[in-house]
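Colleague: sequence first, then the predicted structure, then my questions.
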Amino acid sequence: MNRLFRRKGCIAALEIFFTFSVFVLLHGCASIVGYERIYAGPPKPLSQIAILTHPNPYSQRLLIFKIDGQKAFLPGVAELSPGRHTVTASFTVSKGSTRISSKRASDIQFTAQAGHVYTIYPAIYTHQDRWYPAVLDITGELCAPQYADLTVKIDNILLKNRGMASAPVKALALTPNPGVLKGFGEKVTANLKSWVGKDLFVTYVFDRYRPYITAKAADKAQYHLQIDQATGEVINVYGRTIDVGKTMQVIWAYQPLGSVYAYNKVSPAAEMEEILSRIYEERNDGSFKLIKERWWARHEDQHYSALLPVELTDGLPKEAIRALALAFNTKQSVLAENNHIRSEIQGLSKDEAAFVLESKAIMIGRDAKIKLEMVLAKADSTSQARIGKAIADCDRIVQSNLFGSKPPLSYNSVKVNFFPTGYEMCPYNKRIYQSTLPRSRTTFVGWELNLALLAPGQRLEYQIKAFWFNPDGTLLAHQTANAVCEATWSKPWRAMAWGYQNPGNWEAGTYTVEFYINGKMAAAEQFTIQ
């Protein structure tokens with residue numbers, strides 16, 4: 001299934017064929033109709049092949065891109081050999097100035113029988129804005145008056161493309177006189193009591209090509225319904241679209257059946273300038289309270305978003321809220337779902353992917369705090385306390401996402417020493433501590449983190465994370481070191497190194513290394529390469 005998107009006045013498309021179809025739709029070239037024959041040799045009698053079409057083969061509302069993996073020229077009619085087939089299709093439709101389209105093409109598999117006619121059509125999940133293409137065998141109904149227009153169009157397309165007269169398609173009808181078919185505009189009234197627990201009547205138009213619809217009920221709400229395509233009866237209720245706004249304010253939101261939450265989506269037409277979506281909670285008196293908003297944020301050249309509690313963002317300027325949205329994205333599991341990052345880690349090992357994700361999280365968290373500090377510097381005195389709290393919230397969120405909930409380690413002081421070393425760590429008694437190292441001779445730079453504390457009386461385990469930053473502030477490397485303090489120790493230390501096999505690879509400048517112990521910032525020290 002694929003999510004739908006809405007955009008005023010245009011279509012964003014992922015397929016080159018999709019772009020062509022937009023040209024056809026916008027320029028009214030209804031005479032251009034694709035036709036495909038998916039079998040070798042000359043045309044076969046209709047009784048020996050299957051026909052695939054859609055409710056109006058001239059409209060190109062449903063766009064068939066591929067059949068059995070082969071590119072198809074948006075066929076309104078395709079001839080298939082009997083057997084199993086895979087069709088790749090997309091969907092687009094206009095409603096006034098709004099064009100609704102599927103975000104990407106989707107596959108559907110079905111078994112075609114010789115002498116049968118199939119329509120492929122969009123079945124839309126109205127409650128989730130998702131769709132999938134479905135296939136309906138209409139062979140037995142071809143003589144029905146509702147299909148008179150369709151059979152004429154199919155005959156004309158076959159005649160034009162086969163280069164020879166073909167028997168009328170309706171000659172394939174399994175039922176000579178199927179009578180009047182349901183699902184072609186009849187009005188139906190249904191009682192939703194089985195789903196909502198009380199008498200609630202809704203009237204809708206039965207369209208057999210729309211098994212998922214919305215219809216207004218007696219309580220003025222729009223209910224999201226699934227309709228039986230044979231009988232026209234309601235077979236499921238997913239929820240309702242209701243007004244969650246306050247006095248003189250109309251805000252439409254979707255509330256799943258049985259849920260206390262309602263979801264309001266904002267059109268991407270805003271180009272992510274404002275809030276992307278909102279969540280409301282229904283209170284005992286039937287009113288709704290806004291509890292969360294999804295905001296977008298930018299880091300480097302990429303967009304990120306996060307669902308933020310209103311109590312966290314209330315009273316903050318947009319720049320501060322977007323910085324908090326970045327902070328929420330410092331969680332590796334969240335970053336792994338981001339499209340551009342997912343493509344970046346595709347094919348990497350688990351450890352390599354984890355390294356990339358943590359690197360992204362470190363820099364995004366840093367960027368979030370820098371943005372908040374910039375907002376604080378510009379804020380007036382009445383806003384400074386609120387923004388200061390946002391900075392504290394940012395630190396808490398990033399710390400939790402990067403380090404988890406490790407218990408704090410109590411110590412009196414911390415001291416960091418840098419020293420030159422090789423690939424093999426320099427022994428403790430031979431280390432020469434220095435904060436300035438020559439570029440021409442330096443390969444690896446080691447750090448030694450020394451703690452001073454009271455002997456704990458029991459063995460303690462703790463974790464050190466070291467983040468290395470280049471002179472320009474970009475992330476160079478990050479390390480994780482597990483350390484121990486035995487029961488009688490009062491000056492535990494831990495050392496690691498990072499660098500290059502050969503000298504001359506370090507750029508000249510001042511480097512910063514930040515150290516965290518069990519997730520809490522312990523020190524930020526610098527060394528210089530010259």
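Modeller: Done, it's in. Numbers count the residues shown, from 1 in each chain.
Colleague: contacts, neighbours, all on C-alpha from now
Modeller: Will do.
Colleague: the helices in the stretch 301-450 of the chain, which residues?
Modeller: 310-313, 318-328, 332-335, 339-345, 350-378, 381-403 (DSSP state H, counting those that start in this stretch).
Colleague: packing partners of the helix or strand in which residue 63 is found?
Modeller: Under the criterion of DSSP states H and E, residue 63 resides in strand 62-67. Counting contacts by 3 or more C-alpha pairs under 8 Å, 6 or more residues apart in numbering; DSSP states H and E, strand 62-67 packs against helix 16-27, strand 83-95, strand 117-125.
Colleague: flag the shaky bits of the stretch 1-150 of the chain, pLDDT-wise.
Modeller: The stretch 1-150 of the chain contains residues with pLDDT under 70 at 1-33, 93-100.
Colleague: again, only using 50
Modeller: 5-32 (pLDDT under 50).
Colleague: tell me which of the helices of the stretch 301-450 of the chain sits most buried.
Modeller: Mean neighbour count (mean count of other C-alpha atoms under 10 Å) peaks for helix 318-328 among the helices of the stretch 301-450 of the chain, with a mean of 25.
Colleague: quick one, that helix and helix 350-378 angle?
Modeller: 160 degrees (axes from the mean of the first three to the mean of the last three C-alpha atoms, to 10 degrees).
Colleague: avg pLDDT for helix 318-328?
Modeller: For helix 318-328, mean pLDDT rounds to 96.
Colleague: report the angle between that helix and helix 381-403.
Modeller: Using the same axes, to 10 degrees, the direction of helix 318-328 lies 10 degrees away from that of helix 381-403.
Colleague: which residues are contacting helix 318-328?
Modeller: 295-299, 304-308, 313, 364-365, 367-369, 371-372, 375, 387, 390, 393-394, 397-398, 401 (C-alpha atoms under 8 Å, 6 or more residues apart in numbering).
Colleague: please compute how far it lies from its chain's middle.
Modeller: Relative to its chain's centre, helix 318-328 lies at 19 Å (C-alpha atoms, centre = their mean, to the nearest Å).
Colleague: same question, stretch 102-114
Modeller: Chain-centre distance of stretch 102-114: 23 Å, with C-alpha atoms, centre = their mean.
Colleague: what's the end-to-end length of it?
Modeller: Counting by C-alpha to C-alpha, to the nearest Å, you get 31 Å between the two ends of stretch 102-114.
Colleague: then stretch 71-87?
Modeller: Taking C-alpha to C-alpha, stretch 71-87 runs 10 Å from one end to the other.
Colleague: kindly report the same for stretch 275-288.
Modeller: End-to-end distance of stretch 275-288 (C-alpha to C-alpha): 18 Å.
Colleague: and what of stretch 434-450?
Modeller: End-to-end for stretch 434-450, by C-alpha to C-alpha: 15 Å.
Colleague: in which helix or strand does residue 107 reside?
Modeller: Counting by DSSP H and E, the element that carries residue 107 is strand 106-112.
Colleague: tilt between that strand and strand 62-67?
Modeller: Using the same axes, to 10 degrees: strand 106-112 against strand 62-67 is 70 degrees.
Colleague: list the buried residues for strand 106-112?
Modeller: Neighbour counts using 16 or more other C-alpha atoms under 10 Å place 106, 107, 108, 112 of strand 106-112 among the buried residues.
Colleague: output the residues you listed as CSV; include the columns distance to residue 197.
Modeller: Formatted as CSV, the buried residues of strand 106-112 follow (distance: C-alpha to C-alpha, whole Å):
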residue, distance to residue 197
106, 37
107, 38
108, 36
112, 43
